[in-house]
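Undergrad: My questions are about this predicted structure, shown below with the sequence.
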Amino acid sequence: MATLLLQCVAPLQSWGTQSEYIVRDTGREPSKSGIIGLLCAALGRDRAKPLDDLAQLRMGVRVDHEGKILRDFHTITNKLKSKPSTTLSTRYYLTDAMFLVGLEGEIGLLSELNQALKRPVWSLFLGRKSCPPSRPTHLPDGLKVDQDLKTALSEYPWLGQNKVKHEEDGKQLRMIIEDMKKGQSFVKDQPVSFAKFGRKFHPRRTATTFIDCPRYEPEASYPLMSFQEIAQ
């Protein structure tokens, strides 16, 4: 099996799996449903189309920087009715998080996805449309023809910005790997359908481990502004 790596880095991300409408949650790392949705956007695949080929990919996530939870309070006024009404909602985001995502599967499909991420048909976002990536999700060296999922995630260079942060934050990294046989955690983010009135998801099993932080490569880092800097 081959592995395709992509990065999810932005001031704001949100990967909800448990709630809709009034309270919108976020997980601590990208959900499989969110990543498959991102791939569908890159491919230009309509939400009513089948997801079987993408859903069968085995997913893993390496957390290069744990984001902080942000709670945002929304008011939405509907002025189309005879009597305007206001809806209150609470939405949660991750700030300044960095994730390396891996997808394991057949090389033909992964090659197609790699090209789609390089030249996406539609705009990409990290969980919600209000969360555009601050770095390209595509990695020039992200297609690993002869590496399994765990090896590819463990060996790819750290995504952080500089050597100081690598020494401060990069000692051990959390890694979440899809394991349908032995995984001890369950999350309902295995996509079955994204159809507008027929969205459906199944439970998925994952296993969490901690690995030594891989090497730091200065030429691979990007200058970034934090959420706090942008908000000021």
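TA: Structure's in. What do you need? Numbers count the residues shown, from 1 in each chain.
Undergrad: rest of the way, CA atoms for contacts and neighbours
TA: Noted.
Undergrad: any idea of the mean pLDDT in the helix or strand containing T209?
TA: Element membership of T209, judged by DSSP states H and E, is strand 200-212. Across strand 200-212, pLDDT averages out at 94.
Undergrad: just stretch 77-89 next, same as before
TA: The average pLDDT for stretch 77-89 rounds to 74.
Undergrad: cool, stretch 215-227 as well?
TA: Across stretch 215-227, pLDDT averages out at 63.
Undergrad: ok, K196 - how many residues close by?
TA: Number of residues near K196 (other Cα atoms under 10 Å) recorded here: 8.
Undergrad: In this model D46 seems to touch it, though I could be wrong.
TA: No. If you go by Cα atoms under 8 Å, K196 and D46 don't touch, sitting 10.3 Å apart.
Undergrad: Am I right that L39 falls within a strand?
TA: No. Read with DSSP: H, G, I helix; E, B strand; the rest coil, L39 is helix and lies in no strand.
Undergrad: quick one: it and P120, what's the gap?
TA: 9 Å (Cα to Cα, to the nearest Å).
Undergrad: and what of I211?
TA: I211 sits 32 Å away from P120, going by Cα to Cα.
Undergrad: So between those two, which is more surrounded?
TA: The neighbour comparison of I211 against P120 (other Cα under 10 Å) goes to P120, with 19 against 14.
Undergrad: shouldn't that one be in contact with L43?
TA: Yes. Using Cα under 8 Å, P120 is in contact with L43, at 6.3 Å.
Undergrad: Low-confidence stretches in this protein?
TA: By pLDDT under 70, the low-scoring segments of the chain are 19-21, 79-81, 162-170, 218-232.
Undergrad: Pick out the residue nearest the middle of it.
TA: Among the residues of the chain, the one closest to the centroid is P30, at 3.4 Å (Cα atoms, centre = their mean).
Undergrad: didn't it look like it was pressed against T17?
TA: No. With contact defined as Cα under 8 Å, P30 does not reach T17; the gap is 9.8 Å.
Undergrad: Please, where are all the helices along this structure?
TA: Secondary structure of the chain by DSSP state H: the helices cover 32-43, 52-55, 107-118, 149-155, 163-169, 227-231.
Undergrad: residue furthest from the geometric center of this structure?
TA: Most distant from the centre of the chain: S82, at 40.4 Å, with distances by Cα atoms, centre = their mean.
Undergrad: Quick check: the gap between that residue and I69.
TA: Remark: distance between S82 and I69 (Cα to Cα) = 38 Å.
Undergrad: Same check on M59?
TA: 23 Å.
Undergrad: For those two, indicate the residue with more neighbours.
TA: The neighbour comparison of M59 against I69 (other Cα under 10 Å) goes to M59, with 25 against 19.
Undergrad: what bridges to that one?
TA: Per DSSP bridges, the residues bridged to M59 are L103.
Undergrad: for it, what are its contacts?
TA: M59 makes contact with K32, V101, G102, L103, E104, L149, I177, E178, according to Cα atoms under 8 Å, 6 or more residues apart in numbering.
Undergrad: Repeat the analysis, applying 6 Å as the threshold.
TA: Going by Cα atoms under 6 Å, 6 or more residues apart in numbering, M59 touches G102, L103, E178.
Undergrad: For the last one, list each beta-bridge partner.
TA: Here E178 sits in beta bridges with T206, going by DSSP bridges.
Undergrad: got it, and T95?
TA: Judged by DSSP bridges, the bridge partners of T95 are L12, K68.
Undergrad: how far away is it from Q172?
TA: Relative to Q172, T95 is positioned 20 Å away (Cα to Cα).
Undergrad: If anything else comes up later, I'll come back, but that's it for now.
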